[in-house]
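In: curious how this folds, go ahead:
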Amino acid sequence: MITKKHILISALAIALGLSGFSADAAAKKDTDSTKSKKQTTKQTTKKTTKEKAPKEKKAKKDNKIVPTERFYDKMWEKYKVGNKDDRAEVIKTLKKVVKDSPDEYMAYYYLGVMSNEEGQSGPALKYYEMALAGFPKSSDIHIRMAKILDEKKKKEEADEHYVKALEIEKDNPNALSRVGIIELEKKNYEKAAAYLIKAKDLQPDNSATLKALGETWFEQGKYSDAIKILEQALLFDAQDAKTHLLLGKAYEKNNNSEKAAQHIELAGKYGKKDEEIAGAIGYDIARNFTKSGRYEEALAAYKKEIKKNDDPALGYFEMGEVFEKLEDEKNAIKAYQKAYELDKKQIQGIFRCAEIYQANNDKENAEKMLKILKGKAEYKEQAVEMIESLKRDEKEKADRELKEKLSSKSTKDADLEAAYLESYAANKKDSSIPEKLYEFYKDRGYYDEAIKWYRKYAKVGGVTEAGKKSVEQELKDKLEQDNYSLFGSKSDDKPSKSKVASDDLMNLAFNADNDRQKEIALQILLSRKETKEDRKVVEAMVKFYEERGKVKEATKYINQMKKLGFLSDAEAKDRKARLKE
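Out: Numbers count the residues shown, from 1 in each chain. Sure, this is the predicted structure:
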């Protein structure tokens, strides 16, 4: 028979999410009890139904609390809004209820909820177990127990409760999500997707569901779908490392290297203490920086990862490829050789070194690399051919050196300029040389020299007078514009006459668009009292000339650094020696 008590407790159970509990279930439980238990239950129910507004009533004879709907409402409200002492008193009262009435399962449920909120997950589990005896069809209790077990890293036990919850309530989003994740781990992607899609529809703000669905679609090769759902997951948990990693790999598969690098980098940031995340990332950040053309960032990422990666040789090899993209062949060779030194399987790096040396007509070093390659079966034939090619080319070395200097982008400015001038001296009727010298100076911002060589080119290159005037005016305008930024006037002057603020000059020295601005900005700063002994400025001047192969000028400022105490005698000597390499 369904009593008022059953209906009241059933309503409360539904309000709390105990979907497996009903008045019928309560009535059935009473029917299955012993006869004496029936009599006690009937007497208690009769007393309860006579009360219009039942309170925390105690039995007259045994001092027991007779729980009612109002009783539980009052206990819950007191717990939620009360202070520490109030909460302790509520828990104490509920413990008395279950002590006096061991089959008062609603009290066990509340004790489970409150114990968990108090951070006592162990007792909470025990109370939920007791509540489950009274509410065996409660998906809510299974879910609550599963979440605690998850926190305790007891995944298998948690999975069991999620599965049971789903058996009880087919549309429970938490259970659907977890069972979907279980299928994902088993690589049953179709089943996983079915569960997870349903879970998402029921609970669209669950980041764990969204992340798992994104991973499922990634494994199925549905990269665009994975990206869309993983981006949604980040709206609810923006710092989840695994989500960023999955999203990065999905973007990588979708050929969006820029986005891939961004999210993989964030995965590294948020998961820096997670060895699994770190291992999964590996060199991916650097690779995606490379694919998106962010070479300096790629090099920085490689250097950082090499220190902790189990395969540093691979990192050095890939760094070599990046240096080549930057046309930094010297460092490319160093990286390739380091890769081979660490792992003899990285023989491809030695092959690249041989190609670089051969392209630069460095016969001696090319032959060293080719000798190593001859000992490797897969490269032996190519090595022999390359050696023969070196011998043939030796006869035309002088002419080829000049041509290579004129065509190679890796040649330093000073050598390139000298080669152009040498070539022009040999054949002043060749219009291509003045044209290249004009472009050389224009590209570096030396517009006065560019004008000079454009005029020479115009004489032999068939340029119209109108065309000549137009180009010259454009160059003059650019020169005046640069002069304003350097001197504060349209004409250049002595460095000491510049009216431009040092801060603005400092910005030009390190961030200007062309070489002339950088060079003159540094010269002006070195003419001023407050910055002429600034190590950063002097060092920048040295590096400016070093990078452009201007030995005489670089030597002058190396001596200045030594004089100011920034370099020892040995350091200055070494630096000068490297200028001649």
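
In: can I get the strand or helix carrying M130 as PDB, trimmed to CA atoms?
Out: M130 is located in helix 121-134, with elements delineated by DSSP states H and E. Extracted in PDB, the C-alpha atoms of helix 121-134 (Å, rounded to 0.1, in the frame of the first residue of the first chain):
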ATOM      1  CA  SER A 121      34.800  11.200   0.400                       C
ATOM      2  CA  GLY A 122      35.400   7.900   2.200                       C
ATOM      3  CA  PRO A 123      32.400   8.200   4.500                       C
ATOM      4  CA  ALA A 124      30.400   9.600   1.700                       C
ATOM      5  CA  LEU A 125      30.900   6.400  -0.400                       C
ATOM      6  CA  LYS A 126      29.800   4.300   2.500                       C
ATOM      7  CA  TYR A 127      26.600   6.400   3.100                       C
ATOM      8  CA  TYR A 128      25.800   6.200  -0.600                       C
ATOM      9  CA  GLU A 129      26.200   2.400  -0.500                       C
ATOM     10  CA  MET A 130      23.700   2.300   2.300                       C
ATOM     11  CA  ALA A 131      21.300   4.600   0.400                       C
ATOM     12  CA  LEU A 132      21.700   2.400  -2.700                       C
ATOM     13  CA  ALA A 133      20.300  -0.500  -0.700                       C
ATOM     14  CA  GLY A 134      17.100   1.500  -0.400                       C
END
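
In: packing partners of that helix?
Out: helix 105-117, helix 139-151 (3 or more Cβ pairs under 8 Å, 6 or more residues apart in numbering; DSSP states H and E). Heads up, the C-betas are built off the backbone N, CA and C, glycines and all.

In: go with 10 Å
Out: Packing partners of helix 121-134 (3 or more Cβ pairs under 10 Å, 6 or more residues apart in numbering; DSSP states H and E): helix 4-16, helix 23-31, helix 84-100, helix 105-117, helix 139-151, helix 155-168.

In: can you list the buried residues in the longest one?
Out: Going back to what we said before, that points to helix 84-100. R87, V90, I91, T93, L94, V97, V98, D100 (16 or more other Cβ atoms under 10 Å).

In: tell me which stretches of this protein form strands.
Out: Along the chain, counting by DSSP state E, strands occupy 57-58, 65-66.

In: roughly how far apart are E297 and S257?
Out: 12 Å (Cβ to Cβ, to the nearest Å).

In: find residues that contact each of the two.
Out: Residues touching both E297 and S257 by Cβ atoms under 10 Å, 6 or more residues apart in numbering: N288, F289, T290.

In: tell me the one of those nearest Y557?
Out: F289 (33.4 Å; Cβ to Cβ).

In: which of the shared contacts of E297 and S257 are buried? Put it as a PyMOL command.
Out: PyMOL command restricting these to the buried ones, with burial defined by 16+ other Cβ under 10 Å:
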select buried, resi 288+289+290
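
In: surely V538 touches I558?
Out: Yes. Counting by Cβ atoms under 10 Å, V538 does reach I558; the two are 9.3 Å apart.

In: who has more neighbours, those two?
Out: I558 (26 against 23; other Cβ atoms under 10 Å).

In: can you tell me which residues contact the more buried one?
Out: Here I558 is in contact with 538-539, 541-542, 545-546, 566-567, 571-576, 578-579 (Cβ under 10 Å, 6+ apart).

In: out of the residues you listed, which are inside helices?
Out: Using DSSP state H, 538-539, 541-542, 545-546, 571-576, 578-579 are the members of the contacts of I558 that sit in helices.

In: out of those residues, flag the one nearest to G82.
Out: E539 (67.7 Å).

In: what residues does the closest one make contact with?
Out: Residues near E539 by Cβ under 10 Å, 6+ apart: Y557, I558, M561, F566, L567.

In: right, and E480 touches D492 too?
Out: Yes. Here E480 reaches D492: they are 9.5 Å apart, a contact under Cβ under 10 Å.

In: higher neighbour count, those two?
Out: Between E480 and D492, counting by other Cβ under 10 Å, D492 is the more crowded of the two (17 against 14).

In: for the more buried one, grab phi and psi.
Out: phi -80, psi 160 (degrees, to the nearest 10).

In: ok, and the closest non-adjacent residue to it?
Out: What sits nearest to D492 in space, not counting adjacent residues and going by Cβ to Cβ, 6 or more residues apart in numbering, is N483, at 5.1 Å.

In: report the helix or strand with the lowest average pLDDT across the protein.
Out: Every helix and strand of the chain was ranked by mean pLDDT, DSSP states H and E. The lowest is helix 35-50, at a mean of 33.
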